[in-house]
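Visitor: I would like the atomic coordinates for the input below:
(chains A and B)
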Amino acid sequence: MHHLSEQEQIRRNKLVELEKAGVQPYPSELFDVTFYAQEILDNYHPELNNFQEVSLAGRLMSVRVKGKASFAELQDASGRIQLYINRDEICPGEDKELYNTVFKKLIDLGDFVGVKGHVFKTMVGETSIHVKELTFLSKSLRPLPVVKETVDEQGNKTTYDAFTDPEQRYRQRYVDLVVNPHVREAFIKRTQLVQAMRNYLNDKGYLEVETPILQPLYGGASARPFKTHHNTLDMTLYLRIANELYLKRLIVGGFDGVYEFSKDFRNEGMSRFHNPEFTQMELYVAYKDYYWMMDLVEEMVERVALQLHGKTEVQVGDNLINFQRPWQRFTMFEAIQHFSGVDISEMDEAALRETAKTLHVPLDPSMGKAKIIDELFGELCEGKLIQPTFITDYPVEMSPLAKKHRSKPGMVERFEAICNGKEICNAFSELNDPIDQRMRFEEQLELAKRGDTEAMVLDEDFLRALEYGMPPTAGLGIGIDRLSMIMTNSNSIQDVLFFPQMKPEKLETTKADKDAAGEE
RNA sequence: GAUUCUGUAGCUCAGCUGGUAGAGCAGUACACUUUUAAUGUACGGGUCCUGGGUUCGAAUCCCAGCGGGAUCACCA
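Guide: Okay, here's the model as predicted:
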C-alpha cells in the first residue's frame, strides 16, 4: 500500500460516510442505460420534445454547485453531456440529504453515477439532462487529472492543464483514456482498421486461422527471438517472430487462402517504430503471384483509408498521403536511379562501393553486393517515398523465403510498400521449390556461423511440408501498428498500443514479484 | 547502444548568480436555484526521482544511479 495523499485519504473517508448515509459505494445491481451522451447531443431538438425519459451512466468529470441547483458533466463511452441537478427535484420530500450531503459532499470528480431525467436546453443553450433521479454507482479513490477546455466563437478549443506527461500516459493508460478523448479516438480507429481488413479478406473468401505462438523453432523473418521454457515437456520454446512458415504449411494442406492477425515478438531494440511485441497480418493465397498481391494491397489499403476517413487522403504530420489506386511502382534499381541519377543495375560489387562513396552512403567492409544495394536504397530512397509506392525485385540473398525472379537473375519476386518514408508491407511470390528452399536455409546457417544473430534457422518439418508440394502462392505481411500510425497520424508506436512496453516503475514489491524472483 | 533534454503538490508548471518551497486548476469550509475554465471569501496539501559529495547552508552546484521524452544507429 502506497502512502495516501491528503486527497486520497479524504476520498476514503467519504467512502465510509457514504455507507453511513445508506449509499452503497459499490452497488451490485445493474443500472439500466437507455442512451449515450453523444446520441442526445446529436439528435435532441427542443421543438421535437424528444428524449423526455432518458437514463445515462458514467463518470462525473466536473461539478459546479450553485447553491440549491448544480451543473455537472457526465462522461460516458460516447462523450460528455451536462447535467442539471436541482435540490428539490432529486429530493422531492423533506429529506434533502441526497443533495446536501451525498451529492455536494460525498461525490467526487471521477465517481460513477447513473441519472434519470429528461433532456432540455439551458438558458444559454447547452443541451443538458434535467436530473430527476441520481444513483451512486462507484467510488473513485484517486483524483483524476482535471483537464479543462474552452471553445471560442470560432469553435477553436483551448485546453488547460492537459494530461500530457508521456510516462504517466503510457503507464496509466486508463487515466489517459479517461481524460484525453483523442487517445480513445486513435484506438477506435485502430480497431476499425483491423475490422476493415478482416471484412475485406472475408469477403474474398479467405480463412482466418490461428497458428502457434510458442514454437520449438522460430522462423519466417530475420530477427532474434524471445526464449522460454516449458516445464512439463522440459524443452525450450520460442515466441514467434513471424507466422509465415505455419501459414504455408496450411497452403500445403489444401487451404487456398489463409490469413492471421498475429502478435509477433522480436527481441531487439525499441524505438518510436518498434515495440518488442507487435501485430502483423499475414496472408497467403494459392495460385497467385506477387503482381496479383500488389493489386490486392492497393485495393485493401485504399478501402481501409476510405472506411476510416471517408476519403483516400490522410494527413500524416506535414504530409497529405493519398492511398487512391494505382500506386507508383518502382523496381529497386529504378528507385535508386530516380533519386540518385545513377543506374546500378549492371554494377559489380566494386563499382557499387565506388558509387556509394560518391553518393556519401557509408558502408561496412563486411557488406556483400546485396547488402550494399539495400543500403543504397535505404539511404537514398526510402525516406523520400511519402506517397504509397511499391518497390519490387530484391536481391536473392536478402530474401531466403521468396521465389527466384522469373526473368531477372539474382533477384526474387518480392515487393514492399513504402509510405511516409517507412515500410508498411512486405510480400513475395513464395518459394515452393523444396530443393531451392533447403539451399537457402543452408546459406542462412552459414551466415549464423559467421555470427549473424538474426539468420534464419533450418526448419526440417517445413521442408518436409514443401516436399509434399505447395502450389504457387503469393504471400503478404503487413504491419498493423505501422499502418495504424499512418491512419491515425501518430508519431510513435506507443500511441497505437494501449500498453507499450516500459521498464518497470518503482512500486511496492508484490507477492507475485517475489514468487517470480524465487523461481529463477 | 550513442547524443541530448527532462523528473518540484492529485494535474499543468514557476522557482535567476545556493539562503527555511510557489502559482493556476483540483481538495476542504462557507455563500449562491439555468451555470459552463462558474463566481466570491478563507484554509489545508511536498521523500523537490534516489544515493553520495561540496558548503555554515542544496530543489538549485558536482558525481553516480533510476525513470521518461526526442534524435541517431539496428530492426516491422
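Visitor: and the residue of chain A nearest RNA strand B?
Guide: When scored by CB to the nearest atom of the strand, chain A has residue A:67 as its residue closest to RNA strand B, at 2.1 Å. C-beta here means a position set from N, CA and C on the backbone, and glycine is covered the same way.
Visitor: how about residue A:491: what's its closest non-neighbour residue?
Guide: Spatially, and ignoring its direct neighbours in sequence, residue A:491 is nearest to residue A:272 (6.7 Å; CB to CB, 6 or more residues apart in numbering).
Visitor: pretty sure that neighbour contacts residue A:495?
Guide: No. Contact criterion CB atoms under 8 Å: residue A:272 and residue A:495 do not qualify, at 9.0 Å.
Visitor: so for the two, which residue has more residues nearby?
Guide: residue A:495 (23 against 13; other CB atoms under 10 Å).
Visitor: spit out the contact partners of the residue nearest to residue A:491.
Guide: By CB atoms under 8 Å, 6 or more residues apart in numbering, the contact set of residue A:272 is A:491, A:492, A:493, A:494.
Visitor: tell me the confidence at the third one?
Guide: Per-residue confidence (pLDDT) for residue A:493: 95.
Visitor: tell me the phi and psi of it?
Guide: With angles defined as degrees, to the nearest 10, residue A:493 sits at phi -60, psi -20.
Visitor: how many other residues sit next to it?
Guide: 21.
Visitor: can I assume it is in contact with residue A:279?
Guide: No. Assessed by CB under 8 Å, residue A:493 is found out of contact with residue A:279, at 10.4 Å.
Visitor: mutual contacts of those two, please.
Guide: Jointly contacting residue A:493 and residue A:279 under the rule CB under 8 Å, 6+ apart are residue A:481.
Visitor: in which helix or strand would I find the residue in chain A sticking out farthest from the centre?
Guide: Centroid-distance maximum for chain A: residue A:94 at 53.9 Å, with CA atoms, centre = their mean. Of the helices and strands defined by DSSP states H and E, none includes residue A:94.
Visitor: please apply the same query to residue A:83.
Guide: Using DSSP H and E, residue A:83 sits in strand A:80-86.
Visitor: what's the first helix or strand after that strand?
Guide: Downstream of strand A:80-86, the first helix or strand assigned by DSSP H and E is helix A:87-90.
Visitor: which element follows that following helix toward the C-terminus?
Guide: Trace forward from helix A:87-90 with DSSP H and E and the next one is helix A:97.
Visitor: helix or strand: which one has the residue lying closest to residue A:200 once chain neighbours are set aside?
Guide: The shortest distance from residue A:200 to any non-neighbouring residue, by CB to CB, 6+ apart, is to residue A:300 (5.0 Å). Using DSSP H and E, residue A:300 sits in helix A:290-309.
Visitor: contacts for that helix?
Guide: A:189, A:192-193, A:196-197, A:200-201, A:283, A:285, A:311-314, A:323-327, A:329, A:388, A:390, A:392, A:413-415, A:417, A:424-425, A:427-429, A:474-476, A:478, A:483, A:487.
Visitor: residue A:209 versus the residue of chain A closest to RNA strand B, what's the distance?
Guide: Between residue A:67 and residue A:209 the distance is 63 Å, computed by CB to CB, to the nearest Å.
Visitor: more neighbours: these two, which one.
Guide: Between residue A:67 and residue A:209, counted using other CB under 10 Å, the more crowded position is residue A:209 (15 against 7).
Visitor: check what pLDDT that one gets.
Guide: Model confidence at residue A:209, given as pLDDT, is 98.
Visitor: check the one 5 residues further on too.
Guide: According to the model's per-residue confidence, residue A:214 sits at a pLDDT of 95.
Visitor: same check on the one 10 residues further on?
Guide: The pLDDT attached to residue A:224 in the predicted structure is 89.
Visitor: rewinding a little: which residues touch the residue farthest from the centre of chain A?
Guide: Residue A:94 neighbours (CB under 8 Å, 6+ apart): none.
Visitor: surely residue A:96 touches residue A:89?
Guide: No. Using CB under 8 Å as the test, residue A:96 is too far from residue A:89 to be in contact (11.2 Å).
Visitor: inside strands: which ones of the contacts of helix A:290-309?
Guide: A:283, A:285, A:313-314, A:329, A:390, A:392, A:413-415, A:417, A:424-425, A:427-429, A:474-476, A:478 (DSSP state E).
Visitor: mind checking which of the residues you listed are buried?
Guide: Among the ones in strands among the contacts of helix A:290-309, the ones that count as buried by 16 or more other CB atoms under 10 Å are A:283, A:285, A:314, A:329, A:390, A:392, A:413-415, A:417, A:424-425, A:427-429, A:474-476, A:478.
Visitor: any buried residues in stretch A:119-129, and which?
Guide: For stretch A:119-129, by 16+ other CB under 10 Å, it's A:119, A:120, A:127, A:128, A:129.
Visitor: can you confirm the fourth one is in a helix?
Guide: It refers to residue A:128. No. Residue A:128: not assigned to a helix; according to DSSP: H, G, I helix; E, B strand; the rest coil it is strand.
Visitor: hang on, it packs against residue A:85?
Guide: No. Counting by CB under 8 Å, residue A:128 stays clear of residue A:85, with 9.9 Å between them.
Visitor: next, show the common contact partners of those two.
Guide: By CB under 8 Å, 6+ apart, residue A:128 and residue A:85 have these common neighbours: residue A:71.
Visitor: let me see the confidence value for residue A:448.
Guide: The model reports residue A:448 with a pLDDT of 85.
Visitor: report how many residues lie close to the nearest residue to it once chain neighbours are set aside.
Guide: With CB to CB, 6+ apart as the criterion, residue A:448 has its nearest non-adjacent residue at 3.9 Å, and that residue is residue A:455. By the other CB under 10 Å criterion, the neighbourhood of residue A:455 contains 17 residues.
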